[in-house]
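# My questions concern the predicted model and sequence given below.
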Amino acid sequence: MKQYVGVGMSVGVLAGIWTQVSIDLGLVTWVAFIAWACFFAAGGGATGFSKGLAANLSGVVYGWLVGTVAGAVPLPGVLAVAIAVAALGMCLQAGWAPLSFIPGAFAGTAAYFGTALNFWGTLAALIIGAALGWLSAVLGSRIQSVVSRRAVTKAAGEETRPAAA
């Protein structure tokens, strides 16, 4: 039995619920999916949650700093320089274990830019997405154990059944 059945089922159900709830509440639906993906990409579990979310949130701060500098300094090329410095910072921060998931920082910055600099909306959606990642992993594991147990029981029952004459 494939080990992704449980997580696939939990992600599918939770993704549908999140989409409807986020639309009803006016939350940024797609940003949560970024954090959700970062949870799994960073390894899942406690490590994926902490590294993915910390990196995502740091990325939002980098994006905010870039926007602030670019808005305050009316010189040609300031946006490019601010982006270059932020990109350097997002890579260098990986030397500190809690922020060592570089793609998460870039994802957080991109999400912030993609929401047209909606700081609080981006933060809320990233936090919710990380929580959904954790929840989908926990539920997925439980579903997988039920599915696997049934598959083993079914396979054992087929092996012990007398052959048809």
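Alright, I've got the coordinates. Residues are numbered from 1 along each chain as shown.

# hey, let's count contacts and neighbours off CA atoms from now on
Noted.

# which regions of this structure lie under the pLDDT threshold?
Across the chain, the ranges flagged by pLDDT under 70 are 1, 151-165.

# element containing the residue lying closest to residue 97 once chain neighbours are set aside, please.
Nearest residue to residue 97, sequence neighbours excluded (Cα to Cα, 6 or more residues apart in numbering): residue 51, at 7.9 Å. Using DSSP states H and E, the element containing residue 51 is helix 45-72.

# any idea how far residue 7 is from the residue nearest to residue 97?
20 Å (Cα to Cα, to the nearest Å).

# These two: which has the busier surroundings?
Each of residue 51 and residue 7 has its neighbours counted (other Cα atoms under 10 Å); residue 51 has more, 25 against 21.

# That one and residue 96 touch, don't they?
No. Residue 51 is beyond contact range of residue 96, at 10.5 Å (criterion: Cα atoms under 8 Å).

# Run through the residues that contact the spatially closest residue to residue 117 that is not a sequence neighbour.
Nearest non-adjacent residue to residue 117, counting by Cα to Cα, 6+ apart: residue 64, 7.2 Å away. For residue 64, the contacting residues are 112, 117, 119, by Cα atoms under 8 Å, 6 or more residues apart in numbering.

# can you put those in JSON lines and add distance to residue 132, secondary structure and neighbour count?
Supplementary listing: the contacts of residue 64 in JSON lines, determined by distance: Cα to Cα, whole Å; DSSP: H, G, I helix; E, B strand; the rest coil; neighbours: other Cα atoms under 10 Å:
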{"residue": "112", "distance to residue 132": "19", "secondary structure": "helix", "neighbour count": "28"}
{"residue": "117", "distance to residue 132": "23", "secondary structure": "coil", "neighbour count": "17"}
{"residue": "119", "distance to residue 132": "20", "secondary structure": "helix", "neighbour count": "16"}
